[in-house]
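Q: Got a sequence here, can you build the structure:
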Amino acid sequence: MQSNFKTSKQQAADPHETAIAVLGWLADDPEMFGRFLALTGVAPGQVRNAVNDPGFLAGLMDFLMNHEPTAMAFCAASGISPETVTAAWQHFSSPGLDSGEY
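A: Next up is the predicted model:
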């Protein structure tokens, strides 16, 4: 599938921009986007407002990162490195039990 949402590497370093690039990539695939919306409970018409919610962005990044082939497909399609995607995921995710941040 050819995508039309290429993001510059400079923009992709910003976690919010990376998450928006993920959302754009998912929206290019109706089946995957529908699955994401079904799992989150967000209606298509709510997405525009949801992008301002850090919890929504955390769920978006979790969705991508919970399936390595999907994450790698995003990286290949967007040109955004796996390290940048991982950094964005960590930015939006709650600290884990081993983080020492409790």
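
Q: Tell me the spacing between D53 and F33.
A: Going from D53 to F33 by CB to CB, to the nearest Å gives 17 Å. C-beta here means a position set from N, CA and C on the backbone, and glycine is covered the same way.

Q: again, but for P54
A: Taking CB to CB as the measure, P54 falls 20 Å from F33.

Q: who's more crowded, these two?
A: Ranked by neighbour count (other CB atoms under 10 Å), P54 and F33 place F33 first, with 16 against 12.

Q: Model confidence for the more buried one, exactly?
A: As predicted, F33 sits at a pLDDT of 96.

Q: what residues are up against it?
A: Applying CB atoms under 8 Å, 6 or more residues apart in numbering to F33 gives the contacts L26, A27.

Q: For the remainder of this discussion, apply numbering that starts at 264.
A: All right, first residue 264 from here; so that's F296.

Q: can I get the CA coordinates of the helix or strand that it is a member of in PDB?
A: Here F296 sits within helix 293-303, counting by DSSP states H and E. What follows is helix 293-303, C-alpha atoms only, in PDB (Å, rounded to 0.1, in the frame of the first residue of the first chain):
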ATOM      1  CA  PRO A 293      -9.400   1.100   6.800                       C
ATOM      2  CA  GLU A 294      -9.300  -2.500   8.200                       C
ATOM      3  CA  MET A 295      -6.500  -1.700  10.700                       C
ATOM      4  CA  PHE A 296      -8.000   1.700  11.600                       C
ATOM      5  CA  GLY A 297     -11.400   0.100  12.200                       C
ATOM      6  CA  ARG A 298      -9.800  -2.400  14.500                       C
ATOM      7  CA  PHE A 299      -8.000   0.400  16.400                       C
ATOM      8  CA  LEU A 300     -11.200   2.400  16.800                       C
ATOM      9  CA  ALA A 301     -13.100  -0.700  17.900                       C
ATOM     10  CA  LEU A 302     -10.500  -1.500  20.600                       C
ATOM     11  CA  THR A 303     -10.400   2.100  21.900                       C
END
